[in-house]
Every structure is written in C-alpha cells, then in structure tokens.
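[1] I'd like to go over a predicted model; first the sequence, then the structure.
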Amino acid sequence: MIGSLNGISPGGWVKYAKKIQQAGAAALELNLYFLSTDPNVTSETLERNYCYLVRMVKQEISIPLAVKVHPFFTALPNVARQLADAGADGLVLFNRFYQPDFNINELTVDGDLTYSNSKDLLLPLRWAAILHGQVKADLAITTGVHNHEDVVKAMMAGAKVTCIASEVLARGLGRLGQIEKDLAAWIDEHEYESVQQMQGSMSQKNVAEPAAFERANYIKVLQNWSETP
C-alpha cells in the first residue's frame, strides 16, 4: 500500500509523512500541488522549496519516497534531477490540475471533475521517454492510462509503474483484472519474456529518431496531416 500526502506547511508534511509510515504504508507519494500565482515568486524559489520539502520528509521516513510533479517547469529534466538528488526514489508524471470554469449566469467560478482519456497519456509518455536514464529516480506514469496498450506504451517509454484512476471510476475495480489479462496476452503474442524486457525500449536514448521527442518533429507531424485526405 502506498500513501499519498498533500500538505500545507513543512511541519505538516513531515508530521503526516511519519504517521503514514507508522500506519503501515510500504511507500509514500508526496502530491505536490502548488500552483504559483504570485508574480514575485521565481521558478528558482519554487524549485528550491520543492527540493527542501522532499529533503525534509526523506530525512524523517525510511520507506521509499515518490514525488508527484506537474509538467509546467521550464526545465523539467533539471527539476527531476534536483528532486532525485534531494531524496526522491520515484517521480510520478504528472499531477493533474483541475481547471476552473465560469458560470456566466450565476457569476461563479465552478470546479469540474472530468475523466481523463488515452490522449492525455501523450504528455507524460513523452517526458517519461526523455527522462528515462537521465535521473536516478524510477518513473511512474499517471493520467491517460485506460487499457493494456496504454500500459505497454508507458513501459516502453521507461516507466516502472502506471497509475489508473479514471478507468476504475468509470468501469469499476474489475477493469483492473481485465487490463492485466489483456496485457499478459499482448506480451505473449509479441514474444516478450517480461515487462522488464520492454521497459525503456522506446525511450529517447534508445529509439532510432531521438528528435521525435523534441519540437523539431512538429514539421513532420504537419506534413503527415496535410497528406491526410
């Protein structure tokens, strides 16, 4: 069992991290859900605070520590490396911020909970492929994992774990068993000996065209689109 923690103060993070470990969790995820809205706060300050928090919690617990991050850092690979150096054993890609909407009749700001879909996998998939082999921490992908093919893609990008929530909420716990069954069948059909064999096989450092993960590839994408009837 892995505990997930979101706090509001350094002391609170540490206090409840210790309590979660004492309750029997095998690992802990820090759900860093900070959204900077102050123009006076620099990216360097925010990153430093993240690493300080990770370091504080890591010093107080003995179980593995994962950090769930968002994709909006200017230099994500550097932040990932800093978090790993601060003590993160794993990085979870990515935290999903729920976007506010306006009710123009009631003049209120409303929250809206929507399920993810497999297209939402593309962003964490890209960054897992880029980060694989560049940071000491293990990688997990969350958001957009809905079927066995999504799991295969995540493993090939370099993830060690996939997290599934929307699919379970929409279709029930039994869906997990079906995904596992479909995954086993796919592995057998494609003659893989294990999940470990495919992990990282499609990461940026292992593919024939590493530029496919970079902005330069947008030209090829547009050319393919223009040729589509």
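    Okay, I see it. Numbering: from 1, shown residues only.

[2] any idea which helix is longest in this protein?
    Longest helix in the chain, counting residues (DSSP state H): helix 43-60.

[3] contacts for that helix?
    For helix 43-60, the surrounding residues in contact (CB atoms under 8 Å, 6 or more residues apart in numbering) are 10, 13-14, 17-18, 28, 30, 32, 34, 36, 65, 67, 69, 73-74, 79, 82-83, 85-88. No exception for glycine: its C-beta is placed from N, CA and C like everyone else's.

[4] quick one: which of the residues you listed sit in strands?
    Those of the contacts of helix 43-60 mapping onto strands are Leu28, Leu30, Leu65, Val67, Val69, per DSSP state E.

[5] touching stretch 65-79 from outside, list them.
    With CB under 8 Å, 6+ apart as the criterion, stretch 65-79 contacts 2, 4, 27-32, 43, 47, 50, 54, 57-58, 80, 83, 87-95, 97, 123-124, 127, 130-131, 134-135, 137-138, 140, 142.

[6] for ChimeraX, write the selection for the buried entries among the ones in strands among the contacts of helix 43-60.
    In ChimeraX, this line selects whichever of those come out buried by 16 or more other CB atoms under 10 Å:
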select :28,30,65,67,69
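
[7] so can I have a markdown table of the ones in strands among the contacts of helix 43-60 showing pLDDT and distance to Met202?
    As requested, the ones in strands among the contacts of helix 43-60 are exported to a markdown table (pLDDT from 0 to 100; distance: CB to CB, whole Å):
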| residue | pLDDT | distance to Met202 |
| --- | --- | --- |
| Leu28 | 97 | 29 |
| Leu30 | 96 | 28 |
| Leu65 | 98 | 27 |
| Val67 | 97 | 24 |
| Val69 | 93 | 22 |
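
[8] pick out the most distant pair among the ones in strands among the contacts of helix 43-60.
    By the measure CB to CB, Leu28 and Val69 form the most distant pair in the ones in strands among the contacts of helix 43-60, at 14.9 Å.

[9] that older thread, select from the contacts of stretch 65-79 every entry located in helices.
    43, 47, 50, 54, 57-58, 80, 83, 123-124, 127, 130-131.

[10] circling back to that earlier point, could you flag which of the contacts of helix 43-60 are buried?
    Listed as buried from those are 13-14, 17, 28, 30, 32, 65, 67, 69, 73, 79, 82-83, 86-88; burial here means 16+ other CB under 10 Å.

[11] of all those residues, which two lie farthest apart?
    Based on CB to CB, the longest span within these runs between Val14 and Phe73 and measures 23.8 Å.

[12] and the ones in helices among the contacts of stretch 65-79, which is closest to His146?
    Nearest to His146 among those, with distances taken as CB to CB, is Pro124, at 13.1 Å.

[13] my guess is the closest one meets Ile141, correct?
    Yes: the criterion here is CB atoms under 8 Å, and Pro124 meets it with Ile141 at 4.6 Å.
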